[in-house]
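K.L.:
Model the structure of this input:
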Amino acid sequence: MPGLIPRLMTSLRVRLVIAFVVVVSIALMLVLATLPRLLDGYFVQQTQEDLRVRTGVMTQLVAIRLLQYQLAGVDAPRPILQRTDPPTASTGVHEALGTADSGFVRRLAQEVAQADVTITIATDAATPSDIAYELFVRLPDDTGAPGQQREPFSFASPVTIPDLFWAQAGVTAPDLLVTVRLSEPFTYRAQTLETIVGVMTVAAVLALIVAVFTSIVLADRLTQPIRRLTGAARDLAEGRLDSRVAPPSAAPEVSELTAAFNTMADRLQASIEFIRHDRDRGREFLADVSHELRTPIAALRTFNELLTDDAAIDEPTRHEFLDQSRRQIERLDWLAANLLELSKLDSGLVMLDLRPDDLRATIENAIQQAQPAADRKGVDLRVELPPEPVRQRHDPQRLGQVMSNLIGNALKFTPSGGGVEVALRTGEEGAQVVVADSGVGIDPAELPHVFERFYRGAQASEERAAGSGLGLSIVRSIVEMHNGRVSMTSAPGKGTTVIVQLPRDVTVSSSPDDVA
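P.N.:
Predicted coordinates for the structure are as follows:
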């Protein structure tokens, strides 16, 4: 239990979830840190614009109110300012606009401006500092609606109006400058911003919760192929070599990794099976070698005991035992030489000496070497060669060994009066060597095994017993080293035909896998 948390923290799935949540958290924190400021600037701009509009409306209403006051006179317009020194506002202006606690401006401040209102009247637009009238209406802090707060903004809007009384009286007087200023308005900016921040906070929390669950799902989907690869690797480690991983539908990188893993598993399975097969073949080979060596060794032991213990053996019998012993020793020497040759071929210790020589010369040399044996046995040995040179890369010595083994086998199993024919043919794929005899033939059931080591069929047991049973195995190994293939067709009593197909291009490899 104490080591559970560290193991979880090192899990790829947990680290992906943590990384995803951290990234989402940072993004949400940046949004919560920057967006309220941006919104606050936007709301400030909107509040100031709204204050400007309301100030303009208030200014127009005040100007209209003053004009109504002037025109409400019975005989003539009423004055706004008294031409005293300094000028002062008429009593009717105070009645028309009201006071700080009641009246027209007070109602406008509450209903239209929703802010503190300051009204000034200057005697001349050119001298706005010469103020003859000023009215300041301050709203109580509890005047605003629920949720409204005062803002430290202000805006002033001036307007010029004529004093109709003095203009009718023929007195030249400048237009009056009426200025309306709204300050500390009541707005919903703070509440709106607070509401938005609260909604954003709740949304951020919900988004974080969704991100956690989403990250768990995504991490599970992302790590599932890796877990499958891990499981398949464990199966391979436990010996289940057929374990493979299905490639995912997405994520090309993971698909490539899965394909590489499956390729590795295929090669590993092939290598293990090859090793097992090679091990079994080695055991069989050792058993076969032991069996093959037991017969001549037992015969030599018997002859030696007879020659040593029984002094009454006559001279002809002694010579016969010695001759049989010589044959068994020759058989042991032949068997050892063939085993050594086959071992070199299978282990890749033999390197081909490829030359672009004429194949006809190699076949003619093999025919010349086999001709005396054919003459002694009374077998007609014929050869059929193309008139033109057949130049193809090959190892003359090793290919000559192939021809000697094939022709030797054909002569061995062909009775006197029969015939052996060797033919060389060419084609687009390369050269083809055919060795056909009219001998005893081989049963079709035995054909798949004729190239195995120490295999001897049921037919011609005496002739087969005289050999090592390794000749055709050596032939197959040398032909495969040339990237070629060898095949055999036969029927009892109708002879045997061996076909060696040699490709035009030979790629040399000394790897045991290429030779086996």
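K.L.:
Residue 114 contacts residue 186, correct?
P.N.:
Yes - the pair formed by residue 114 and residue 186 meets the contact definition of Cβ atoms under 8 Å, at 4.8 Å. For glycine as for every other residue, the C-beta is placed from the backbone atoms N, C-alpha and C.
K.L.:
any residues in contact with both of those two?
P.N.:
Counting by Cβ atoms under 8 Å, 6 or more residues apart in numbering, the shared contacts of residue 114 and residue 186 are 139, 144, 148.
K.L.:
Grab the nearest non-local neighbour of the last one.
P.N.:
In this case it means residue 148. Residue nearest to residue 148 in three dimensions, not counting chain neighbours: residue 186, with 4.2 Å by Cβ to Cβ, 6 or more residues apart in numbering.
K.L.:
In contact with that neighbour, which residues?
P.N.:
If you count contacts by Cβ under 8 Å, 6+ apart, then residue 186 has 114-115, 139, 143-145, 148-151 around it.
K.L.:
mind running it again at 10 Å?
P.N.:
Contact criterion Cβ atoms under 10 Å, 6 or more residues apart in numbering gives 110, 113-116, 139, 141, 143-145, 147-151 as the residues in contact with residue 186.
K.L.:
Quick check: the farthest pair among these?
P.N.:
Distance extremes for these: the farthest pair is 116 and 147 at 19.2 Å, using Cβ to Cβ.
K.L.:
can you list the domains in the protein?
P.N.:
Residue ranges for each domain of the chain read 14-192, 244-347, 352-515, as given by automatic domain parsing.
K.L.:
For the ones you listed, give me TSV that also has mean pLDDT.
P.N.:
Below are the domains of the chain laid out as TSV (pLDDT from 0 to 100):
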stretch	mean pLDDT
domain 14-192	86
domain 244-347	72
domain 352-515	81
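K.L.:
a markdown table please, covering the ones you listed and showing distance to residue 234.
P.N.:
As requested, the domains of the chain are exported to a markdown table (distance: least, Cβ to Cβ, whole Å):
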| stretch | distance to residue 234 |
| --- | --- |
| domain 14-192 | 21 |
| domain 244-347 | 12 |
| domain 352-515 | 27 |
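K.L.:
which one of those lies closest to residue 218?
P.N.:
Closest of the domains of the chain to residue 218 is domain 14-192, at 6.9 Å (criterion: Cβ to Cβ).
K.L.:
By residue count, tell me the biggest strand in this protein.
P.N.:
Secondary structure of the chain read by DSSP state E shows that its longest strand is strand 127-137.
K.L.:
Given whichever helix or strand comes after that strand, what are its sheet partners and their directions?
P.N.:
Using DSSP states H and E, the helix or strand that directly follows strand 127-137 along the chain is strand 149-150. For strand 149-150, the pairing partners within the sheet under DSSP bridges are strand 186-187 (antiparallel).
K.L.:
Please name the nearest non-neighbouring residue to residue 118.
P.N.:
Leaving aside its chain neighbours, residue 118 sits nearest to residue 181 (4.3 Å; criterion: Cβ to Cβ, 6+ apart).
K.L.:
unless I'm mixing things up, the one you found is touching residue 109, no?
P.N.:
No - applying Cβ atoms under 10 Å as the test, residue 181 and residue 109 come out as separate, 11.5 Å apart.
K.L.:
Now the common contact residues for these two.
P.N.:
Listed as contacting both residue 181 and residue 109 by Cβ under 10 Å, 6+ apart are 58, 115-119.
K.L.:
As TSV, these with neighbour count and distance to residue 374 would be great.
P.N.:
What follows is the shared contacts of residue 181 and residue 109, written out as TSV (neighbours: other Cβ atoms under 10 Å; distance: Cβ to Cβ, whole Å):
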residue	neighbour count	distance to residue 374
58	23	135
115	29	131
116	18	135
117	26	137
118	19	139
119	21	142
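K.L.:
ok, so of these, who is nearest residue 429?
P.N.:
Here the nearest of those to residue 429, counting by Cβ to Cβ, is residue 115; it sits at 103.1 Å.
K.L.:
what residues are up against the residue nearest to the closest one when sequence neighbours are not counted?
P.N.:
Distances taken as Cβ to Cβ, 6+ apart place residue 185 nearest to residue 115, at 3.5 Å, with adjacent residues excluded. Listed by Cβ under 10 Å, 6+ apart, the contact partners of residue 185 are 47-48, 50-51, 54-55, 113-116, 139, 144, 148-155.
K.L.:
Okay, and which of these map to strands?
P.N.:
Those of those lying in strands (DSSP E): 116, 149-150, 154-155.
K.L.:
Tell me the strands beside the strand or helix carrying residue 383, with direction?
P.N.:
For residue 383, the element it lies in under DSSP H and E is strand 380-384. According to DSSP bridges, strand 380-384 has the following sheet partners: strand 419-426 (parallel).
K.L.:
Pretty sure residue 177 sits in a helix.
P.N.:
No - going by DSSP: H, G, I helix; E, B strand; the rest coil, the assignment for residue 177 is strand, not a helix.
K.L.:
residue contacts, it?
P.N.:
The contact partners of residue 177, taken as Cβ under 10 Å, 6+ apart, are 120-128, 130-132, 158-161.
K.L.:
which residues in the stretch 301-450 of the chain form helices?
P.N.:
For the stretch 301-450 of the chain, applying DSSP state H, counting those that start in this stretch gives helices covering 315-347, 359-377, 396-412.
K.L.:
for stretch 104-124, the distance to its chain's centre please.
P.N.:
Mean C-alpha position of stretch 104-124 versus that of the full chain (Cα atoms, centre = their mean, to the nearest Å) differs by 74 Å.
K.L.:
start to end distance for that stretch?
P.N.:
Using Cα to Cα, to the nearest Å, the span of stretch 104-124 from its first residue to its last is 24 Å.
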